[in-house]
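S.K.: generate coordinates for the sequence data below:
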Amino acid sequence: MKQAITALSVAILMLGCASAPKQEPTEAGSTVDTRPPLISDATVVESHLNDLMNSNAHYGRFSGTVLVARGDTVVYHESFGYRDYTGTVPNTNDTVYGIGSVMKQFTAAGVLTLVNDGLIELHDPVSVFFPELGTFAEQITIHHLLSMSSGILEDFARTRTYDLESVVLPQATPISTTDLVGYFGEVNEYFRPGRRFDYANINYVILAALIEQISGTDLHSFLTERLWLPRGLESVSFGLDNADTARIARPLTGLPIDRIEPEFWHDSWVLGAGGGYSNVYDLYRWMKALNDGEIFDRELSMALVARHQRAGAEWYGYGWTIGSRFGRRYHYHEGGTVGFISEAGYYPEEDIYVVMLANHTHELESLGSSVRHMQTLSRQVHAILAGEPFVRPPVPEPEASPDLAGRYGIAGFDYELIPRDAEVAIRAVDGSPSIVDIVYARDLQENSRRFRRVKRVARALAEDDFGAVWWRADTAIRIAIPTGLVADAWKELTGDKGAFVSANVYRLPTAERPNTYWVRLVNAEAQHGVFVTLNRWGRVRAMQLDPLFSWDGPLEVNALAISPDRLFVDGFRHGYADLHLTRTEGAWTIRLPGADFRLEAR
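M.R.: Modelled structure (predicted):
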């Protein structure tokens, strides 16, 4: 089974910033942007988006609706998949979806509405409104909550990894706002308010409670009266109880081979931080109104999307992430909950809007896996808008019939290839691992001091022996290890592993990552793939779980015929990476993550 664990660094990782767009000087000394415009040809964009989305829908990788608009013109608006549990009622362009954390921008706008009314100020202490939160709340302002810099320790994901076992899942019965605010009791300090960014839903729960306290009404009623109805946004709501149930999509979970109805929980548990519903068109209209300055005056409009706190390679505003795509400023927010996944964003200078809402998430043990899948798909959408190459899964050709049968050796293991109409079954034989796991079974060698150090560190990680890691680590990790934070994070990510069995290096350093080794850790109760990155002196600089690592995959998988010389294994269907088989000059090669192998006839 694929180890779907959120890829979280347990040491310091460097994040790069987007490069500046290419510009050329004019005769007057100013600069002119030489990039082609986004959506330079709407017809081509529409065609490419259709190719991308139809191929993903074909393999069950996307069920939802996508909208792209430029100004007042909708360039693309299509729906895929089904909105019911039986797979008989298709999603349509007016289907309503859960939007998850995209709700935060509405909560932030609600707070700024109260600021505009003169009822509160951004630097008011939270303790003035909620003294029950304790003395630490005296240091926290409304601005800190909005910008995710409050420093509150408590949150609904106690370990902040969002693995299902660590999340305080909402319950089916509603909770009152008073009880929700007091759920953790007096809040404690994680860091000094304003010092840094830390994404925590509790910030927006408190903000929503503030809106209700000041306005004297519930969050849905306030936002409906002040923000949604005046602009005709009739599909937007907070809470399933207020959504248009005739048009709403039902949430689904599991891999494409599954259609699992998740356990119901009440949206009052994520008040203001999530629990919103909308169709794609109303989110587009909302973002356009913001960009056109129709919601607030210039000062408050800029406050929403100002770079308040650095968030990795991007910035966080008030309910908005401020980033870039292909060198262009992009304001957006993602949302992920069990059964729904979303992204809504816009290019402010280009007046271009993108909304993607889906009702089938594909997490195994980690909520974050579905967010990453949507991010991958979103990157392809933005590449199309920029006129850049994009990647999509190939669609099978019914008439294709590759001549590939018999017993083959691949990377020292044996497999039986069995033709079946427009497919070829690949079956592991004689104790060989699943073809989807073959990369991780390799035991590569390198005659170097660095390699030997990595093997020692790998065993130490498998045994949770961070004393042994300390002796081989750089200064940053040496400082962190005695605090216990590195060991705690590692144990939370890897769980109860059992006794150490073995470790094998399955990938050596590459030109792109010349100081990184990929190692499989085998314990009695679990297996993990990990990157070990060294500094220039050969000391450990970072350790990170490999998000693509898998083991115990199916011993037989089907490769679909794309052409007479190309086969495709839909690994995503089972929770694995995709595989590609190609024939060149009569020889077949299989491409797996990080390696290519020739098929040798036995």
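S.K.: pLDDT weak spots in the chain?
M.R.: Along the chain, the model assigns pLDDT under 70 to residues 1-34, 156-170, 363-369.
S.K.: and if we set it to 50?
M.R.: By pLDDT under 50, the low-scoring segments of the chain are 1-32, 158-167, 364-365.
S.K.: select the longest strand from it.
M.R.: In the chain, taking DSSP state E as the definition, the longest strand is strand 328-337.
S.K.: report how many residues lie close to the closest residue to D84 other than its chain neighbours.
M.R.: Nearest residue to D84 in three dimensions, chain neighbours excluded: R250, at 5.7 Å (CB to CB, 6 or more residues apart in numbering). The way it works is simple: take the backbone N, C-alpha and C, and place the C-beta from them, glycine included. The tally of other residues near R250 (other CB atoms under 10 Å) stands at 18.
S.K.: when you give positions from now on, start the count at 524
M.R.: Shifting the count to begin at 524 puts that one at R773.
S.K.: helices of the stretch 774-923 of the chain, residue ranges please.
M.R.: Using DSSP state H, counting those that start in this stretch, the helices of the stretch 774-923 of the chain run over 803-814, 821-827, 891-908.
S.K.: who wins for proximity to S957 among those?
M.R.: Comparison of the helices of the stretch 774-923 of the chain against S957 by CB to CB identifies helix 891-908 as nearest, at 19.6 Å.
S.K.: which strands or helices does the helix or strand following that closest one pack on?
M.R.: As assigned by DSSP states H and E, the chain's next helix or strand after helix 891-908 is strand 929-933. Applying 3 or more CB pairs under 8 Å, 6 or more residues apart in numbering; DSSP states H and E, one finds that strand 929-933 contacts strand 936-943, strand 1123-1124.
S.K.: pull out the buried positions in strand 929-933.
M.R.: For strand 929-933, a neighbour-count test (16 or more other CB atoms under 10 Å) marks 931, 933 as buried.
S.K.: likewise stretch 1085-1101?
M.R.: Neighbour-count burial for stretch 1085-1101 flags 1085-1086, 1088-1101 (criterion: 16+ other CB under 10 Å).
S.K.: tell me the secondary structure for the residue nearest to D607?
M.R.: coil (DSSP: H, G, I helix; E, B strand; the rest coil).
S.K.: tell me the contacts of it?
M.R.: By CB atoms under 8 Å, 6 or more residues apart in numbering, the contact set of R773 is 606-608, 784, 862, 882.
S.K.: so which of the helices of the stretch 774-923 of the chain is the most surrounded?
M.R.: helix 803-814 (a mean of 21; mean count of other CB atoms under 10 Å).
S.K.: pull the residues that contact stretch 921-938.
M.R.: 939-942, 944-945, 947, 949-953, 955-956, 958, 961, 964-965, 1084-1090, 1104, 1106, 1111, 1113, 1118, 1120-1125.
S.K.: and what of stretch 739-752?
M.R.: Under CB under 8 Å, 6+ apart, the answer for stretch 739-752 is 629-630, 632-633, 636, 731, 734-735, 738, 756-757, 759-762, 765, 794-795, 818.
S.K.: neighbours of V567, just the number please.
M.R.: Using other CB under 10 Å, V567 is surrounded by 12 other residues.
S.K.: how close does it get to I875?
M.R.: Here V567 is placed at a distance of 15 Å from I875 (CB to CB, to the nearest Å).
S.K.: okay, the closest residue to T615 other than its chain neighbours and A580: tell me how far apart.
M.R.: Nearest non-adjacent residue to T615, counting by CB to CB, 6+ apart: S602, 5.4 Å away. Look at S602 and A580: by CB to CB, they are 9 Å apart.
S.K.: now R821
M.R.: R821 is 41 Å from A580, by CB to CB.
S.K.: repeat for A695
M.R.: Taken as CB to CB, the span from A695 to A580 is 31 Å.
S.K.: more neighbours: those two, which one.
M.R.: Between A695 and A580, A580 has the larger neighbour count (other CB under 10 Å), namely 17 against 9.
S.K.: pull out the buried residues from the helix or strand hosting that one.
M.R.: A580 belongs to helix 565-581 when assigned by DSSP H and E. By 16+ other CB under 10 Å, the buried positions in helix 565-581 come out as 568-569, 571-572, 575-576, 578-581.
S.K.: for the nearest residue to L669 once chain neighbours are set aside, what are its contacts?
M.R.: Distances taken as CB to CB, 6+ apart place Y841 nearest to L669, at 4.2 Å, with adjacent residues excluded. By CB under 8 Å, 6+ apart, the contact set of Y841 is 628, 631, 634-635, 669-670, 826-829, 831.
S.K.: closest to A1026 out of those?
M.R.: When those are compared for distance to A1026 (CB to CB), S670 wins out at 42.6 Å.
S.K.: how about the contacts made by the closest one?
M.R.: Counting by CB under 8 Å, 6+ apart, S670 has contacts 720, 831-832, 839-841.
S.K.: burial of the closest residue to it other than its chain neighbours, as a residue count?
M.R.: Nearest residue to S670 in three dimensions, chain neighbours excluded: H831, at 3.8 Å (CB to CB, 6+ apart). Residues lying near H831 (other CB under 10 Å) number 22.
S.K.: show me where the stretch 624-773 of the chain has its helices.
M.R.: Under DSSP H, counting those that start in this stretch, the stretch 624-773 of the chain gives helices at 626-639, 665-669, 700-704, 725-738, 742-746.
S.K.: just the residues contacting the fourth one, thanks.
M.R.: The set of residues external to helix 725-738 that reach it, using CB under 8 Å, 6+ apart, is 626-627, 630-631, 633-634, 637, 642-643, 649, 652-653, 656, 665, 667-669, 671, 673, 675, 677-679, 700, 703-704, 707, 710, 741-742, 745, 793-796, 842.
S.K.: tell me the domain ranges of the chain?
M.R.: Following the assignment in automatic domain parsing, the chain carries domains at 559-908, 929-957+1075-1124, 961-1068.
S.K.: of all these, which gets the most neighbours per residue?
M.R.: Taking mean count of other CB under 10 Å, domain 559-908 is the most buried of those, at a mean of 19.
S.K.: centre of the chain to that one, how far?
M.R.: Put simply, domain 559-908 sits 13 Å off its chain's centre (CA atoms, centre = their mean, to the nearest Å).
S.K.: and that domain, end to end?
M.R.: Using CA to CA, to the nearest Å, the end-to-end distance of domain 559-908 comes out at 10 Å.
S.K.: can you check stretch 1024-1044 too?
M.R.: 8 Å.
S.K.: so what touches that stretch?
M.R.: Stretch 1024-1044 is contacted by residues 962-969, 973-974, 977-978, 981-982, 984-985, 1020, 1023, 1045-1047, 1050-1059, 1064, 1069, 1072, 1074, 1117-1118 when judged by CB under 8 Å, 6+ apart.
S.K.: likewise stretch 569-585?
M.R.: By CB under 8 Å, 6+ apart, stretch 569-585 touches 586, 589, 591, 598-599, 601, 603-604, 779-780, 881, 883, 885, 896, 900, 903-904, 907, 913, 915-918, 1093, 1095-1096.
S.K.: swap in 6 Å and give it another go.
M.R.: 589, 599, 603, 779, 903, 907, 915-916, 918, 1093 (CB atoms under 6 Å, 6 or more residues apart in numbering).
S.K.: okay, those in a markdown table with distance to W751 next?
M.R.: Formatted as a markdown table, the contacts of stretch 569-585 follow (distance: CB to CB, whole Å):
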| residue | distance to W751 |
| --- | --- |
| V589 | 22 |
| Y599 | 24 |
| F603 | 27 |
| P779 | 34 |
| Q903 | 31 |
| I907 | 31 |
| R915 | 35 |
| P916 | 37 |
| V918 | 40 |
| D1093 | 41 |
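S.K.: closest to E661 out of the residues you listed?
M.R.: Nearest to E661 among the contacts of stretch 569-585: V589, at 45.6 Å, using CB to CB.
S.K.: thanks a lot, catch you later.
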